[in-house]
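K.L.:
just a sequence and a predicted model for now, questions to come.
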Amino acid sequence: MSMKRTNVYADPEDLTLIKEAAQRRGIPEAEIIREGIHLAAMANRIWDEPLEWPTFDGNGETATGEEVASAVIEGATPR
């Protein structure tokens, strides 16, 4: 992937946290900044089509773990 250089202003406290995290993780500070830019870009992306979320029939009460497992198994079973 090709990269493009850019300049940004950042709070000194944020840069200190990034420097500490980079040292802890053993990666360049730039990698953490690139991760942050990617997360911000994805969080603000406008998708061409809305996501299709599955819906479940129910009475509005929180499902039990057993009910969730049953629904997942039923949804994953070929018909």
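P.N.:
Now that the structure is in, tell me what you want to look at. Numbers count the residues shown, from 1 in each chain.

K.L.:
helix or strand for A22, which one?
P.N.:
With elements delineated by DSSP states H and E, A22 resides in helix 12-25, which encompasses its position.

K.L.:
quick check: buried residues in the helix or strand just after that helix?
P.N.:
Stepping forward along the backbone from helix 12-25, the first helix or strand reached (DSSP H and E) is helix 29-43. Of the residues in helix 29-43, those buried by neighbour count under the rule 16 or more other C-beta atoms under 10 Å are 32-33. All C-beta atoms are positioned from the backbone trio N, CA, C, and that covers glycine.

K.L.:
which residues are contacting helix 29-43?
P.N.:
15, 18-19, 21-22, 25 (C-beta atoms under 8 Å, 6 or more residues apart in numbering).

K.L.:
report the central residue of this protein.
P.N.:
By C-alpha atoms, centre = their mean, the chain has its centre lying nearest to L39, at 6.8 Å.

K.L.:
pLDDT below threshold where in the protein?
P.N.:
Low-confidence regions of the chain, defined by pLDDT under 70, span residues 79.

K.L.:
tell me the one among the contacts of helix 29-43 nearest to N7.
P.N.:
The shortest approach to N7 among these belongs to L15, at 13.4 Å (C-beta to C-beta).

K.L.:
list the contacts of the closest one.
P.N.:
By C-beta under 8 Å, 6+ apart, the contact list for L15 reads E29.

K.L.:
try it again with 10 Å
P.N.:
The neighbourhood of L15, defined by C-beta atoms under 10 Å, 6 or more residues apart in numbering, consists of 29, 33.
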